[in-house]
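Q: predicted model and sequence follow; I will ask about them next.
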Amino acid sequence: QVQLVESGGGLVQAGGSLRLSCAASGSIFRINAMGWYRQGPGKQRELVAAITSGDSTNYADSVKGRFAISRDNAKNSVYLQMNSLKPEDTAVYYCNAHIATSQAMGIFYNYWGQGTQVTVSS
């Protein structure tokens with residue numbers, strides 16, 4: 001069993017900052033890519049940022065220059081530093097990771113966290 005647990009969401013005024021954290025736990029053999037997605041009201045879930053096991057990063061155009069993704073492999077964790085937040089960043093943010101478990105070391109499955117609400121007021 002693998003779990004992803006997010007923290008760090010909340011309510012912030014426009015222009016403010018938040019830092020999201022996500023920790024993976026369970027029978028983990030290896031973690032490949034990790035990332036953050038978000039789903040705003042009435043919208044589809046979209047990729048916000050992703051980071052590979054080699055620390056290559058990818059960002060949605062809407063967050064480039066404002067958000068930064070990082071990871072700590074020793075802690076099986078991924079982070080999202082969000083600066084200069086805008087009302088349009090309001091969404092539920094989901095952690096995602098490609099993980100191979102100890103029981104199936106050669107197979108990577110996609111795991112999701114439960115989501116954390118980020119609300120940006122104008």
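A: That came through, no problem. Because the structure is a prediction, the values reported are computed rather than measured.

Q: phi, psi of the residue nearest in space to the middle of the chain?
A: Nearest residue to the geometric centre of the chain (Cα atoms, centre = their mean): Trp36, 2.7 Å. Trp36 adopts backbone torsions of phi -120, psi 130, taken as degrees, to the nearest 10.

Q: could you do Lys43 as well?
A: Residue torsions, per degrees, to the nearest 10, at Lys43 are phi -120, psi 160.

Q: nearest residue to it in space, please, no chain neighbours.
A: Distances taken as Cβ to Cβ, 6 or more residues apart in numbering place Ala91 nearest to Lys43, at 7.5 Å, with adjacent residues excluded. (Glycine included, C-beta is placed from N, CA and C.)

Q: what residues are bridge-paired with that neighbour?
A: Ala91 has these beta-bridge partners by DSSP bridges: Val118.

Q: need the contact list for it.
A: Taking Cβ atoms under 8 Å, 6 or more residues apart in numbering as the contact definition, Ala91 lies against 38-41, 43, 117-118.

Q: ok, Gly8 next?
A: Gly8 is in contact with 18-21, 116, counting by Cβ under 8 Å, 6+ apart.

Q: report the beta-bridge partners for Glu6.
A: As for beta bridges, Glu6 partners with Cys22 under DSSP bridges.

Q: and Cys22, how many neighbours?
A: 25 (other Cβ atoms under 10 Å).

Q: surely it touches Cys95?
A: Yes - contact criterion Cβ atoms under 8 Å: Cys22 and Cys95 qualify, at 3.4 Å.
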